[in-house]
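# here is my input; please provide its structure:
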Amino acid sequence: MLVREVMSSPVITVRRTDPVRRAIRTLHGHDITAAPVVDDSGRLVGVVSELDLLRGEFEPDPRASVLPPHAAQEPPPRRVMEVMTREAVTVTETTDVTTVIDLMVGKRIKSLPVVRGQEIVGMISRRDLMAMLARPDGELRAAVEAALREHYPFGPSWDVAVHDGVAELSGPPHQHADHIADLLARTVPGIVRVKHLRRAP
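This is a model prediction of the structure:
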């Protein structure tokens, strides 16, 4: 599965000069956990997450302790540029999602900007990947059948079943046709594996 089949687009961005509260409202209003940060020319300069934006926004509540809370030594951050992550890890539309997962695990990040050259074309998040895996088996089965009909209309006839994201293609043995059908089934977002079963003669 490729990033372009899973990513969220169009992308929601914030400017590095935006006030922190504006960025908070942007993320909350669009129900996203992170956003690319751009400069005045629209160039990617970083990523800001919910956790970044929470820094310094709350002071201790005096009701939570018998001791008086200490006053903050410094004022809270005022601009996105003060809290964002400057070294943005990016992927492209043709990056395999297995690479995305490795980056998320290895770098402990939840979302990555998707770029096409210098242009930001989307975001891919853990939530996007979970949404694909949560697709009902009946919906996936219909999508696999549609992909086979559309892209291989003169191929053999397969019976398609899907169980927990695993597509089972049942038909007469045909090595070349099986290979094509396997590739087509794997392009369906949410299909995690493909099995070939032999139809009884």
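# now for the longest helix anywhere in the chain, which elements pack on it?
When the chain is parsed with DSSP state H, its longest helix is helix 137-151. Packed against helix 137-151 by the contact rule (3 or more Cβ pairs under 8 Å, 6 or more residues apart in numbering; DSSP states H and E) you find strand 159-163, strand 166-171, helix 175-186. Just so you know, the C-beta spots here come from the backbone N, C-alpha and C atoms, and that holds for glycine as well.
# from Val166, how far off is Val97?
Noted for Val97: a distance of 16 Å to Val166, by Cβ to Cβ, to the nearest Å.
# which one of the two has more residues nearby?
The neighbour comparison of Val97 against Val166 (other Cβ atoms under 10 Å) goes to Val97, with 19 against 15.
# verify the contact between the more buried one and Val3 for me.
Yes. Judged on Cβ atoms under 8 Å, Val97 makes contact with Val3 at a distance of 6.4 Å.
# who are the contact partners of the residue nearest to Ile180 when sequence neighbours are not counted?
Here the nearest residue to Ile180 in space, its sequence neighbours aside, is Tyr152; by Cβ to Cβ, 6 or more residues apart in numbering that works out to 5.7 Å. Neighbour list for Tyr152: 177, 180-181, 184 [criterion: Cβ atoms under 8 Å, 6 or more residues apart in numbering].
# closest to Gln118 out of those?
For those, the residue nearest Gln118 by Cβ to Cβ is Leu184; the value is 32.9 Å.
# can you give me the strands in the chain?
Assigned by DSSP state E, the chain shows strands spanning 14-15, 34-38, 44-49, 91-92, 111-116, 119-125, 159-163, 166-171, 193-198.
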